[in-house]
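J.: predicted model follows, preceded by the sequence.
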Amino acid sequence: MSKGEATRTKMIATTAALLQKQGYHATGLAQILAESGAPRGSLYFHFPGGKEELACAAIVASGDAWRQRLEEVVARTSDPGAAIEASCDALAAALVESDFALGCPVATVALEAAATSEPVRQTCAEHYATWRRVVAERLRTSGIPIARAEKLATFVLAAVEGALLLARVERDVTPLRTVGRMLRAMTARET
């Protein structure tokens, strides 16, 4: 990796961590540069669109990393309900490990910046659409008809995101564990 690629990667990783922890509006370019150690000129060299472009790259990177971690969990079982419950358990463990500081890497940004930045909104929407497709495909391969699998995938994603929010705010993983169990039972009835 060249020095420029390393700088770009470090800025993206730093931005992703800051966005996940404190959101879009609380994350400033000066803080990103200071924490990443990147020179000021490299920001607009790598991201001519400024903060918005950098935030979109960070959302893509952190969303992909989260999806990969969850896909590893899901790959351990052929039962989609057990996979959903295991995913909720993994999310709960990650939340506890971060002392409830880090929830979904996209949700905080989606809630606060989607109304003011079309590129950020679109990046968040693409991220959620990818997750829905992954869940729907897994449900479909378990025998659930595609139209039903797509609806159920939307429900699963919305329930898990809501449980993450509740767990983070309440500093208690019970909502995630409850949603995981409920979705497992619901999926069992579908297959």
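T.: That came through fine.
J.: enumerate every residue touching Thr174.
T.: Ala167 (C-beta atoms under 8 Å, 6 or more residues apart in numbering). C-beta: built from backbone N, CA, C; applies to glycine.
J.: redo that, cut-off 10 Å
T.: Going by C-beta atoms under 10 Å, 6 or more residues apart in numbering, Thr174 touches 92, 163, 166-167.
J.: which two from those residues end up farthest apart in space?
T.: Ala92 and Leu166 (11.5 Å; C-beta to C-beta).
J.: tell me where this protein has helices.
T.: Using DSSP state H, the helices of the chain run over 3-22, 29-36, 40-46, 50-74, 80-97, 107-113, 118-141, 146-170, 174-190.
J.: can I get those in JSON lines including mean pLDDT?
T.: Output for the helices of the chain, formatted as JSON lines (pLDDT from 0 to 100):
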{"stretch": "helix 3-22", "mean pLDDT": "94"}
{"stretch": "helix 29-36", "mean pLDDT": "96"}
{"stretch": "helix 40-46", "mean pLDDT": "91"}
{"stretch": "helix 50-74", "mean pLDDT": "92"}
{"stretch": "helix 80-97", "mean pLDDT": "94"}
{"stretch": "helix 107-113", "mean pLDDT": "91"}
{"stretch": "helix 118-141", "mean pLDDT": "93"}
{"stretch": "helix 146-170", "mean pLDDT": "96"}
{"stretch": "helix 174-190", "mean pLDDT": "93"}
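J.: now for the closest residue in space to Thr130 that isn't next to it in sequence: which residues touch it?
T.: Counting by C-beta to C-beta, 6 or more residues apart in numbering, Arg67 is the residue found nearest to Thr130 once chain neighbours are left out, at 6.9 Å. Applying C-beta under 10 Å, 6+ apart, we find Arg67 in contact with 74, 105, 127, 130-131, 134.
J.: give me the ChimeraX select line for those residues, limited to the buried ones.
T.: ChimeraX command restricting these to the buried ones, with burial defined by 16 or more other C-beta atoms under 10 Å:
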select :74,105,127,131,134
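J.: I'd say Glu85 and Val179 touch.
T.: Yes. Here Glu85 lies in contact with Val179, judged by C-beta atoms under 10 Å, at a distance of 9.0 Å.
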